[in-house]
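Trainee: structure, please.
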Amino acid sequence: MNYYQHHVFFCTNQRADNAVCCNNMGAQELRDYAKGRIKALKLHGKNKVRINNAGCLDRCDEGPVIVVYPEEVWYTYIDKEDIDEIINEHLINGRIVERLKI
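Mentor: Numbering: from 1, shown residues only. This is a model prediction of the structure:
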């Protein structure tokens with residue numbers, strides 16, 4: 001049994017040489033937004049949802065990226081609306097957001 005229903009990892013890697021990386025595309029800000037939304041919706045904690053930072057997930061060219069476990073679904077996103085859609089569709093309703101899936 002999983003401790004969390006969904007465990008979401010946001011790549012928030014920042015490369016020293018300013019090469020392409022998720023954090024250059026607002027990853028930390030949108031990860032913080034997602035964590036706040038999950039808490040506001042009271043979806044955080046055991047048997048619910050956990051939002052975490054991750055180091056480089058090696059998909060920089062597709063970024064910014066997140067991966068949702070246990071389903072192992074990878075997403076890219078651009079803005080808060082994309083994050084809201086992932087939360088509403090995938091994390092709440094169990095439907096993969098095909099348009100954001102990578």
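Trainee: kindly tell me how buried Asn52 is, as a neighbour count.
Mentor: 13 (other CB atoms under 10 Å). All C-beta atoms are positioned from the backbone trio N, CA, C, and that covers glycine.
Trainee: so which residue of this protein lies furthest out from the middle?
Mentor: Asp17 (24.1 Å; CA atoms, centre = their mean).
Trainee: and the spatially most central residue of the chain, bridged to which residues?
Mentor: Averaging the C-alpha coordinates of the chain gives a centre point, and the residue nearest to it by CA atoms, centre = their mean is Ile66 (3.8 Å). Here Ile66 sits in beta bridges with Phe10, Tyr75, going by DSSP bridges.
Trainee: where's it relative to Asp17, distance?
Mentor: Using CB to CB, to the nearest Å, Ile66 is found at 24 Å from Asp17.
Trainee: just His7 next, same as before
Mentor: Distance, His7 to Asp17, by CB to CB: 30 Å.
Trainee: cool, and Gly63?
Mentor: Here Gly63 is placed at a distance of 16 Å from Asp17 (CB to CB).
Trainee: now the helices for the chain?
Mentor: Defined through DSSP state H, the helices belonging to the chain, from first to last, are 27-40, 80-85.
Trainee: which elements pack onto the shortest one?
Mentor: Judged by 3 or more CB pairs under 8 Å, 6 or more residues apart in numbering; DSSP states H and E, the packing partners of helix 80-85 are helix 27-40.
Trainee: which residues does the helix it packs on contact?
Mentor: Residues external to helix 27-40 that are found in contact with it (CB atoms under 8 Å, 6 or more residues apart in numbering): 8, 10-13, 44, 48-49, 51, 53, 63-64, 77, 79-80, 83-84, 86-87, 91.
Trainee: what's the ChimeraX line that selects buried ones from these?
Mentor: This is the ChimeraX syntax for the buried subset of these, where burial follows 16 or more other CB atoms under 10 Å:
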select :8,10,11,12,13,49,51,63,64,77,83,86,87,91
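Trainee: let's see which of the contacts of helix 27-40 end up in strands.
Mentor: With strands identified by DSSP state E, the entries of these that belong to them are 8, 10-11, 49, 51, 53.
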